[in-house]
Every structure is written in structure tokens, then in C-alpha cells.
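Novice: below is the structure, and that's it, no one-letter string:
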């Protein structure tokens, strides 16, 4: 057992998340957390915890993510390589529990740090979360700008799973703006990507959104 024994499991979890394999990603991050704790590696333990919080949010458990991360961590002390992951997960958890003001504060900080460090991999998620928060706050023009920037970051990498999640967020914006055909186009494009990736749960959710759209119109 070494200080960095957790790293292969953690990075495999990142890959599995990017492929939309949620159960595998959860297992990898849990293994990484256990290995980091056994090695008494506090930084590794916190990183794995941030990734687990990210999965909590992805699987509709925002309160668990907040409990894992703390409602208001000392943001001034966040200088680690995983800070953008932590902040994005926390911002989305606040949004999903109805704290839009708190979510915007943390989402803005995540994006500021992503820009400062030129971290587009984690910054794509920060942009998507910021767009979601802005949509809740009723600022559609800013939402569109954030989503367009997120797509411009995700596509060249390429990062198809992130692209599909951004397209889903775009679809939800069109629904709120009462633009069903544009929503259908975005959601269908997301569904195609999820299918190509074999991201079963995301395929299910995007399909449900499209069926609900068809029934409503």
C-alpha cells in the first residue's frame, strides 16, 4: 500500500463516468476512497469524496452530496487539483435542493477557477452547472451563452458524455421557453450520444423526457 494506491481506481472512475457507466464509476470512486484512507492520504480521500459527491448529484441524491462536502466549506482554502469538481458538484446540489442563490455563488466560483487554470475538462461541467442555475434564476440569455460556451469546449476535446448532458440542459431550457420542437431536437441529439456510449441510465432519462414531450404536444 502506497500513498498513491488510490489513483488508478480514481482515474478509472473518471473514465467510467465519462462513458456514462454510473455504477462502475461509483464502485471505482468508493474503492479509491477506501485505498486513500488506508494509506492515510487526506488529499486523496477528499478527492475521491468529491467524485462521490458528483455521483450523488448525478443520481438525484443532492442532500447526500451536501452532507458529504459540507454546506459551506472554506472556499478560500480550496487550492487542490479537484477544487472545480467539488465546487461544481456542490453548486448543483444546492440548485437541486432549491438554494438557487447559494448555487449561483458556488457555480460562479467554480467557473472562475476553471478559467483561471485553463481547465476545460472540469470547466465544461462548471459551465453546465452554471447554466442550470441561471435557468432556475430566470436568466435565459445568460443560460444560452453558458451552454454555447460549454459545447464549444466539449466538442473539440472530444467529450461526448459532457456534450450530451449539455444538450439535455439545452432541451430543458427550450421547454421552459415553450419551444417544444427545439427541445425535441436537443434531447434527441443527447439521446443518440448516450446510446453510442452505452450510458443506460442516461438513455432512460432522455427517453423519458422525449416521451413526456410527445405526450404534452
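Specialist: Great, that's in hand. Quick caveat, the model's predicted, so the values are computed rather than measured.
Novice: for the helix or strand that contains residue 92, give me every contacting residue.
Specialist: In the assignment (DSSP states H and E), residue 92 maps to helix 83-96. For helix 83-96, contacts defined as Cβ atoms under 8 Å, 6 or more residues apart in numbering pick out 46-47, 50-51, 53-54, 56-57, 60, 62-63, 65-66, 69, 73, 75, 78, 100, 102-107, 109-110, 113-114, 117, 119, 122-123, 125-126, 129-130, 132-133, 136. In short, each C-beta sits where N, CA and C put it, glycine included.
Novice: just the angle between the helix or strand just after that helix and helix 83-96, please?
Specialist: Remark: after helix 83-96, the chain's next helix or strand is helix 100-117, criterion DSSP H and E. If you take axes from the mean of the first three to the mean of the last three Cα atoms, to 10 degrees, helix 100-117 sits at 160 degrees to helix 83-96.
Novice: how near is the residue nearest to residue 200 when sequence neighbours are not counted to residue 164?
Specialist: Nearest in space to residue 200, with sequence neighbours left out and distances taken as Cβ to Cβ, 6 or more residues apart in numbering, is residue 20 at 7.5 Å. Relative to residue 164, residue 20 is positioned 8 Å away (Cβ to Cβ, to the nearest Å).
Novice: repeat that for residue 112.
Specialist: 25 Å.
Novice: sorry, back to before: so what's the residue nearest to residue 200 up against?
Specialist: 161, 164, 194, 197, 198, 199, 200, 201, 202.
Novice: and the residues you listed, which are buried?
Specialist: Among the contacts of residue 20, those buried by neighbour count (16 or more other Cβ atoms under 10 Å) are 161, 164, 194, 197, 199, 202.
Novice: and the first one, what is it in contact with?
Specialist: Right, the one you point to is residue 161. 17, 18, 19, 20, 193, 194, 197, 199, 202 are the contacts of residue 161 under Cβ under 8 Å, 6+ apart.
Novice: state the pair within those that is farthest apart.
Specialist: Greatest spatial distance among those (Cβ to Cβ): 17 and 193, at 14.6 Å.
Novice: show me where the protein has helices.
Specialist: Taking DSSP state H to define them, one finds helices in the chain at 7-18, 22-38, 42-58, 62-69, 83-96, 100-117, 120-136, 140-154, 160-176, 180-197, 200-216.
Novice: switch those helices over to a markdown table; also include mean pLDDT.
Specialist: Shown next, in a markdown table, are those (pLDDT from 0 to 100):
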| stretch | mean pLDDT |
| --- | --- |
| helix 7-18 | 91 |
| helix 22-38 | 95 |
| helix 42-58 | 92 |
| helix 62-69 | 94 |
| helix 83-96 | 94 |
| helix 100-117 | 92 |
| helix 120-136 | 94 |
| helix 140-154 | 95 |
| helix 160-176 | 93 |
| helix 180-197 | 95 |
| helix 200-216 | 87 |
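Novice: looking at those, spot the one closest to residue 1.
Specialist: Closest among these, once you apply Cβ to Cβ, is helix 22-38, at 5.9 Å.
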